[in-house]
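1. take this sequence and fold it.
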Amino acid sequence: MNIFFHFSITGFSNSYLIGGDEGGDAVLVDPGVMDKELLNLIEENGYYVRYVLLTHRHDAHVGGIRIINRIYQTEVYANTMTILDSPVHSVSDGEEFFLGDIRVKAIQVPGHTSDSLVYQIGNALFTGDVLLSGKIGSTTTELSRSLLIRSIMEKLFNLNESCMIFPGHGPPSTLKAEKFFNPDIHLGLNHGQHG
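-> Residues are numbered from 1 along each chain as shown. Alright, predicted model coming up:
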């Protein structure tokens with residue numbers, strides 16, 4: 001399995017292309033934009049985007065859906081019923097499914113948004129805006145922030161520490177690094193104990 005990274009200046013967001021060594025059907029995670037660079041990445045590697053995984057519905061992560069659907073016949077998966085008027089395969093917490101030969105597990109981690117999902121594919125976690133390198137996703141209230149921290153600790157930190165984190169913004173990381181060094185997690189825990 002190959003994982004290719006695409007950075008978009010629009011929303012400063014990351015998209016990920018996942019596929020086999022020989023090209024063929026591929027999975028695209030969080031296509032915030034469909035630009036020439038992403039199209040070239042797909043085509044030059046011999047891929048056909050058959051599946052799209054959306055971690056949540058913010059524009060920086062879904063903005064490219066309409067164009068992608070004009071180029072490829074895709075199946076879109078998310079924790080919602082529609083995105084930009086496109087039908088979606090609604091995915092629930094803990095659900096496991098196959099996209100071709102790729103096994104995916106959906107993990108609901110609310111707090112940043114109510115529909116936030118993390119997708120586990122092998123040893124890779126596509127975390128969207130839930131968990132980033134050195135921080136957690138933004139929240140609108142202290143209650144949402146507490147919910148996000150608790151969800152990360154209960155649902156992600158019990159996974160294998162060697163899992164790679166592929167966030168919606170910023171560089172990749174590992175679960176172990178975030179578990180021990182993420183200041184948002186540790187400050188949030190201390191605030192919860194003393195605040």
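2. contacts only, for C163.
-> C163 is in contact with 120, 123-125, 174-175, counting by C-beta atoms under 8 Å, 6 or more residues apart in numbering. Glycine gets a C-beta too; all of them are placed from N, C-alpha and C.
3. do V91 as well
-> 77-79, 97, 106, 117.
4. among the residues you listed, find the lowest-pLDDT one for me.
-> Note: of the contacts of V91, the lowest pLDDT belongs to N79, at 87.
5. phi first, then psi, for the closest residue to it other than its chain neighbours.
-> Nearest non-adjacent residue to N79, counting by C-beta to C-beta, 6 or more residues apart in numbering: D115, 4.2 Å away. When quoted as degrees, to the nearest 10, the phi and psi of D115 stand at phi -100, psi 10.
6. count the neighbours of the spatially closest residue to R50 that is not a sequence neighbour for me.
-> Closest residue in space to R50, ignoring its immediate chain neighbours: D25 at 4.0 Å, by C-beta to C-beta, 6+ apart. When neighbours are counted by other C-beta atoms under 10 Å, D25 registers 16.
7. now do L187, the pLDDT please.
-> We have a pLDDT of 74 for L187.
8. check Q193 too.
-> The model's pLDDT for Q193 equals 42.
9. could you list the low-pLDDT ranges of the protein?
-> By pLDDT under 70, the low-scoring segments of the chain are 58, 81-84, 188-195.
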